[in-house]
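> Provided below are the primary sequence and the corresponding predicted coordinates.
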Amino acid sequence: MNLLLTGTAGFIGNALALSLLADGHSVVGVDNLNDYYDPALKRARLRRLPRSYVHHYADITEPGALPDGEYDAVIHLAGQAGVRHSIENPYAYIDANVTGFQRVLDFCDRNQVPRLLYASSSSVYGHDAQSPYSEVQRTDTPASLYAVTKKANEQMAHAYQRLHGLATVGMRFFTVYGPFGRPDMAPFKFVDRISRGLPIDLYNGGDHSRDFTHVDDIVAGVKLLLSAQDVQPVYNIASGRPVHLGEFVAAIEARLGKQATVRMMPMQPGDVLSTHADISRLAALGYSPAMPLEDGLNSLVDWYQEFYG
């Protein structure tokens, strides 16, 4: 397949590009390597990709940023990530996640792209969702502006499907971790700070649980949706096995052989107590998350120790 993939310097996008290229697909990538977190990590991710990969340094919010061509599908993973940062800098999210997504939709329509897969988020479920989160639940009580922009993406995609016949699939990713992970996310932060003997912050007194999902399982889910014929508008991609934050930290401590210094903090604005995905819709297409938590954390720690030495 000839594929256009945005966000190829990002955590999930880079892992997906690597896997798609290994499968023999042609991948044209777009990323502007912004400085939301260290661009050196993003450059290191791009260096993993083989010479067959074609990269365009471009900002998806700008007209003409996406290279025209005949594509079998577009996979849109670029955007402004981070729940708490959306409270501090809301305009970055409107620009990247709303205006940027509009550019992608217009591009797909203009180039007659058969299918668009795009990144949504577990954040759309908000405060009032019933656990486990099912794709048929209402998602109209967002807890952050980040969640609002992702919900807007789902509604924009629906409108383009109805108005222009563009086949779209939204992918609600749940807390992703693994090698080359994002430094602003808890799994990376915990490994980094415990390794260096620095304290970690546990919000709401550590009374949280998350549906931690290894990046390899995320990639497997995306690839399954890329090849599936009869698909629904949105899918959860997750492990389906929530883990209490205390258990997660304890597993990292055991792997590192170090005990964390913990600072108990109050609940953060925009946060939710727990996430837990119902993955039955994707499982009906053959999805079966395979990475045990211990093995997944081993892969994260091994990479961290090698990369940061």
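Here it is on my side, so go on. Numbering: from 1, shown residues only.

> hey, where'd the helices end up in this protein?
In the chain, the helices defined using DSSP state H lie at 11-22, 39-47, 85-88, 90-93, 100-110, 145-164, 186-195, 215-227, 245-256, 280-283, 293-308.

> what about those, which gets the closest to A58?
Within these, the stretch nearest A58 is helix 100-110; the backing value is 10.3 Å (CB to CB). For glycine as for every other residue, the C-beta is placed from the backbone atoms N, C-alpha and C.

> what residues does that closest one touch?
Helix 100-110 has contacts (CB atoms under 8 Å, 6 or more residues apart in numbering) with 6, 60-63, 65-66, 68, 74, 76, 78-79, 113, 116, 118, 152-153, 156-157, 160, 164, 166.

> what about the stretch 201-309 of the chain, any weak spots by pLDDT?
Counting by pLDDT under 70, the stretch 201-309 of the chain has low-confidence residues at 270, 273.

> 90 - rerun?
Residue ranges of the stretch 201-309 of the chain with pLDDT under 90: 201-209, 263-274, 309.

> what confidence value was assigned to L33?
pLDDT recorded at L33 is 96.

> residues in contact with it?
9, 39, 42-43, 57.

> ok, now which ones touch S123?
S123 makes contacts with 83, 142-144, 146-147, 150, 272, as judged by CB under 8 Å, 6+ apart.

> how much space between it and D31?
S123 is 22 Å from D31, where distance means CB to CB, to the nearest Å.

> also A260?
33 Å.

> more neighbours: those two, which one.
Using other CB atoms under 10 Å as the criterion, A260 and D31 rank with D31 on top: 25 against 18.

> skipping its backbone neighbours, what lies nearest the more buried one in space?
Distances taken as CB to CB, 6 or more residues apart in numbering place A9 nearest to D31, at 3.9 Å, with adjacent residues excluded.

> thought that neighbour was touching R47?
No: between A9 and R47 there is no contact under CB atoms under 8 Å: 10.2 Å.

> who's more crowded, the two?
A direct count of neighbours by other CB under 10 Å for A9 and R47 places A9 higher, at 24 against 8.

> can you say which of the contacts of helix 100-110 are buried?
6, 60-61, 65-66, 74, 76, 78-79, 113, 116, 118, 152-153, 156-157, 160, 166 (16 or more other CB atoms under 10 Å).

> among these, which ones are in strands?
Here DSSP state E is the test, and these give 6, 74, 76, 116, 118 as lying in strands.

> gap between the first one and R196?
Spelled out, it's T6. Going from T6 to R196 by CB to CB gives 33 Å.

> what of the fourth one?
Noted for L116: a distance of 41 Å to R196, by CB to CB.

> swap in the last one?
According to CB to CB, Y118 and R196 sit 36 Å apart.

> try the third one
Counting by CB to CB, the separation of H76 from R196 is 35 Å.

> so what's the residue count around R196?
9.

> next: K189.
Neighbour tally, K189, other CB under 10 Å: 16.

> got it, and N111?
Neighbours of N111 (other CB under 10 Å): 15.

> confidence score at it?
96.

> just name the most buried of the helices of the chain.
Comparing the helices of the chain by mean neighbour count (mean count of other CB atoms under 10 Å), helix 11-22 ranks first with a mean of 22.

> rounded mean pLDDT for it, please.
On average, helix 11-22 scores 98.

> quick one: that helix to helix 39-47, angle?
10 degrees (axes from the mean of the first three to the mean of the last three CA atoms, to 10 degrees).

> can you list the helices and strands that helix 11-22 packs against?
strand 2-6, strand 26-31, helix 39-47, helix 215-227 (3 or more CB pairs under 8 Å, 6 or more residues apart in numbering; DSSP states H and E).

> pull the distance from that helix to the chain's centre.
12 Å (CA atoms, centre = their mean, to the nearest Å).
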